[in-house]
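Engineer: sharing a model that was predicted from the sequence below.
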Amino acid sequence: MPELSTIYDYMRAHAGLLGTRILEQFPALQQIEDPVSPRLEGLLRRPFPAQMIAIMGLAKRWRQARTAMVVAECGTGKTLMSLGAIHVHSEGKPFTALAMVPPHLVEKWAREAFLTLPGVRVFLIDDLRNGGDESKAHGVNEVRIRQGRIVREGFQTSLSDLRLRKAFSSPRKRWLSLCARPSLFIVGRERAKLGYFWRHAYRVPRSGPYLGCVVNCDTGKPVFINESRLTVADFEKVKIAETIDTRGDKSCRPFHSPLWQADPDKIRRMAPIEFIGRYMPGWFDYAVCDEIHQLAGDTAQGNALGTISSSTDRIVGLTGTLLGGYADDLFNTLFRLEAAGMKEHGYEWGTTGRSAFMQDYGVLETITKVEPENNRCSKAKTTSMVRRKPGASPLLFGEFLMQLCAFVFLEDISGELPPYEEKYLSVAMDPLLMTAYRELEDAIRKALKEHRGNRSVMSTMLNTLLLYPDHPYGLGTLYGKEFDEELKRNVRFVIAETRDLPEEQWYSKERRLIEEIKKELAEGRRCQIFAVYTQKHDVTSRLERVLRNEGIRTAVLRASVDTSKREAWYTRQIKEGVQVVISHPKLVETGLDYVEYRSYQETVGFGARDRRRPETGRSRSCRASRTDESDTGTRRRFPRRVHAFLW
């Protein structure tokens, strides 16, 4: 038996036994050999075996608790699994479900519901009440599917009307008299949180001991945060509040004191989700929050998640990205879904609880600096700084996620997916570009040595060396910043001067891209190109010009295209005969169907974008390509996944 010197050696040596013990001590709610509900046969689309296990696991979880999550890679069918779980758990009774989804997925969710649930009626929540701009939809509108497209037709109402019971004993019984079938209400998360405008609320005394200071209207005293007194300049575009626990010299029951209020001079409105939370608790049987990881922040959208969780009977969150690398990324989500469980573990909402959660389940780095003694009469000055690091403890999985989440991977349904091919293209730079690149690299390397540890030089190095091979002109002089001890402020210094190469010349990587795209077009396959530089140094415009010069019909998807209209934008491009679409990957990051652009050429892919290609519902094989210069500094210094950020 080999020597076991580390914990990793031990785990590798006994992986089989450890896996068996884990399965015995922590059995899944739905085992592979367990029977599935006969109601799955009633779905309009038959789930794959792995999806059936997840659906049954969710249904069984809902019999034990209110909350659940599906953590599944992009393309595994999270929408199908959540709708299937609702169908099974409802046991044939009419239900009302609320889905809060990214704005560009609203119509896709409606289409998926029609193709999955038998006899379902789907409604879009466009805003709180009827009336307003006649060019836009208002209130709650029923939608139907016509020739594969979602159109608004049928029943029209509003949330204000749905909460009324009128001649019935409850609003739900009134709704059942109007709709005795399963019903799904879909709202885009941008509209869901669209509430009133607000403004800061504080006073500045004109006399007395606090003359000219910012004071709280509830106490008449200055506001202190982190032992620092707030001034007027501290009130920017962030809501500020404090907790009051004393009245004068006497203690009192702590209460929340916001330093902001509704702005009566602007539009007066209530967010649809806030209205549901206040006036329609229990009206919805189920709630689905798609891309729940994007609701983890302390924002209006994140607060909407907490409101939905508290006002519906059952809730499921869907995500392909459970956390962003740090353990405390889950803190807000777990608190909003299972506040009681978090309190049982001793955590409280806010910065204090988040810090304690990070200490228990995260990775923290303590940096201690010891400055030399100035003289014999003084001691060395020691300062410590705690910094969070990527990583999470396995205890986080055991304590919170094991009983909450259903995990599905593309490998679990790989037998049902179309063939997938990925290739990496290494292209040598042209001599002119190589010479200019080497000069730039040497100048930046010299600046790094002269300014060791300077973050501005490091960030400029990474950004410039990634960009320059694709945009070798217009960069100008590169500057860095450093703190000047004499002037007591940051000062600029020159890092390097960049050479401007001919803009009208096509370079080697662009020529290779043209060659690859023409091969795909010859087989009747449209192409999708991702480029990450779209602002000051716009690579997408250059690529569009390069491809059109070769007679290739090209379009660029910009951020100015409304998120709810991007799928329709793709459909329009197909009708107009566009062969290649260029966009930033963030614009189509989650869930967007590429229509007939499903098989596409990709020259950079990362994160969720990597896994969206071989998704369910595709019939043609998927091909993806990444291109990169073969001898760049970024390739030598960084792993492939980083330097591939070049288009």
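Structural biologist: The structure has been received and is ready for your questions. Only a predicted model underlies this, so the values are computations on that prediction, with no experimental measurement involved.

Engineer: contacts, neighbours, all on C-alpha from now
Structural biologist: OK.

Engineer: now the nearest residue to residue 295 once chain neighbours are set aside: which helix or strand?
Structural biologist: Nearest non-adjacent residue to residue 295, counting by Cα to Cα, 6 or more residues apart in numbering: residue 302, 4.3 Å away. Using DSSP states H and E, residue 302 falls within helix 300-311.

Engineer: other residues contacting that helix?
Structural biologist: Under the contact criterion Cα atoms under 8 Å, 6 or more residues apart in numbering, helix 300-311 has outside partners 189-190, 192-193, 273-274, 276-277, 280-284, 287, 289, 294-296, 315, 336-337.

Engineer: mark which of these are buried, thanks.
Structural biologist: 189, 192-193, 273-274, 276-277, 280-281, 283-284, 287, 289, 294-296, 315, 336-337 (16 or more other Cα atoms under 10 Å).

Engineer: outline the domain layout of this protein.
Structural biologist: Domain assignment of the chain by automatic domain parsing yields the ranges 31-193+270-323+398-407, 198-262, 415-426+506-632, 428-497.

Engineer: which residues are in contact with residue 230?
Structural biologist: 214, 222, 223, 224.

Engineer: for residue 329, that is, sorry about that
Structural biologist: Counting by Cα under 8 Å, 6+ apart, residue 329 has contacts 296, 323.

Engineer: any idea which element residue 109 lies in?
Structural biologist: Here residue 109 sits within helix 106-116, counting by DSSP H and E.

Engineer: show me what that helix is packed up against.
Structural biologist: Applying 3 or more Cα pairs under 8 Å, 6 or more residues apart in numbering; DSSP states H and E, we find helix 106-116 packed against helix 78-89, strand 121-125, strand 140-146, strand 149-157, strand 183-188.

Engineer: can you list those in TSV and add distance to residue 568, mean neighbour count and mean pLDDT?
Structural biologist: Output for those, formatted as TSV (distance: least, Cα to Cα, whole Å; neighbours: other Cα atoms under 10 Å; pLDDT from 0 to 100):
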stretch	distance to residue 568	mean neighbour count	mean pLDDT
helix 78-89	20	23	95
strand 121-125	17	24	95
strand 140-146	14	19	93
strand 149-157	9	14	91
strand 183-188	16	23	95
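
Engineer: which one of these lies nearest to residue 66?
Structural biologist: For the helices and strands packed on helix 106-116, the distance to residue 66 is smallest for helix 78-89, at 11.9 Å, taking Cα to Cα.

Engineer: contact partners of the closest one?
Structural biologist: With contacts defined as Cα under 8 Å, 6+ apart, helix 78-89 is touched by 37, 39-40, 43, 47, 51-52, 54-56, 58-59, 62, 70, 72, 109, 112-113, 116-117, 286, 288, 316, 318-319.

Engineer: of the residues you listed, which belong to helices?
Structural biologist: Using DSSP state H, the subset of the contacts of helix 78-89 located in helices is 51, 52, 54, 55, 56, 58, 59, 62, 109, 112, 113, 116.

Engineer: report the distance from the longest helix anywhere in the chain to the chain centre.
Structural biologist: The residue-count maximum for a helix in the chain (DSSP H) belongs to helix 431-450. Relative to the centre of its chain, helix 431-450 is centred 36 Å away, using Cα atoms, centre = their mean, to the nearest Å.

Engineer: from the chain's centre, how far out does the helix or strand that comes right after it sit?
Structural biologist: Using DSSP H and E, the helix or strand that follows helix 431-450 in sequence is helix 455-467. Distance of helix 455-467 from its chain centroid, counting by Cα atoms, centre = their mean, is 25 Å.

Engineer: hey, what's residue 383 bridged with?
Structural biologist: Taking DSSP bridges as the rule, residue 383 bridges to residue 369.

Engineer: near it, how many other residues are there?
Structural biologist: Using other Cα atoms under 10 Å, residue 383 is surrounded by 10 other residues.

Engineer: is it in contact with residue 368, as I believe?
Structural biologist: Yes: in this structure, residue 383 is within contact of residue 368 by Cα atoms under 8 Å, at 5.6 Å.

Engineer: of the contacts of helix 300-311, which belong to helices?
Structural biologist: Among those, DSSP H puts 189, 190, 192, 273, 274, 276, 277, 336, 337 in helices.

Engineer: pull the most distant pair out of these.
Structural biologist: Largest separation among these by Cα to Cα: 190 and 337, giving 20.1 Å.

Engineer: where does pLDDT dip in the stretch 151-300 of the chain?
Structural biologist: The stretch 151-300 of the chain contains residues with pLDDT under 70 at 226-227, 248.

Engineer: residue ranges of the strands in it, please?
Structural biologist: Assigned by DSSP state E, counting those that start in this stretch, the strands in the stretch 151-300 of the chain fall at 183-188, 198-200, 224-225, 228-229, 241-247, 250-258, 260-262, 284-289.
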